[in-house]
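Engineer: this is a predicted model, with the sequence first.
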Amino acid sequence: MAYAFGSFAAALAITLGAVLVVVWLALLSATRPNAMSCPDITWSRMDTPANRMMATAVMMFDEPLDFERLKQGVERRLLTFDRFRQRVVHDGGRHYW
């Protein structure tokens, strides 16, 4: 019985260790900027006040849109992704989110 408990304790310790690593990595990524990908850096370098590099869309509706409902949809569906809440940081030739 001691062997089974030892195996359980070892498995529990490994599981708790893995959970702590995941939490630590999540906290680290939340506090440290993320390096931008090469396509994002290229896109960012093309962006100037005279030439904005923005992704846009035009949607046509048959009837007026309820602005509050639209705002709630954006908050619920887009802002749950970190990238839509981040800003670009330029630091000494390096680009971060």
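Structural biologist: Yep, that arrived.
Engineer: low-confidence ranges in the chain?
Structural biologist: Low-confidence segments of the chain (pLDDT under 70): 1-32.
Engineer: please redo it, this time with the cut-off set to 50
Structural biologist: 1-6, 9-10, 12 (pLDDT under 50).
Engineer: all strands of this structure, in order?
Structural biologist: Taking DSSP state E as the criterion, the chain contains strands spanning 89-91, 94-96.
Engineer: just send those strands back as JSON lines, with distance to Pro64 and mean neighbour count too.
Structural biologist: Just so you know, the C-beta spots here come from the backbone N, C-alpha and C atoms, and that holds for glycine as well. Putting the strands of the chain into JSON lines (distance: least, CB to CB, whole Å; neighbours: other CB atoms under 10 Å) gives the following:
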{"stretch": "strand 89-91", "distance to Pro64": "38", "mean neighbour count": "11"}
{"stretch": "strand 94-96", "distance to Pro64": "40", "mean neighbour count": "15"}
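Engineer: wait, which of these is closest to Leu65?
Structural biologist: Nearest to Leu65 among these is strand 89-91 (33.5 Å), distances taken as CB to CB.
Engineer: tell me the domain boundaries of the protein?
Structural biologist: As given by automatic domain parsing, the domain ranges for the chain are 1-32, 35-97.
Engineer: before we move on, back to that, need the strands of the chain in CSV with distance to Pro49, can you?
Structural biologist: CSV is the format used below for those (distance: least, CB to CB, whole Å):
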stretch, distance to Pro49
strand 89-91, 14
strand 94-96, 18
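Engineer: quick one: closest of the ones you listed to Phe67.
Structural biologist: strand 89-91 (30.9 Å).
Engineer: kind regards, and thank you for your time.
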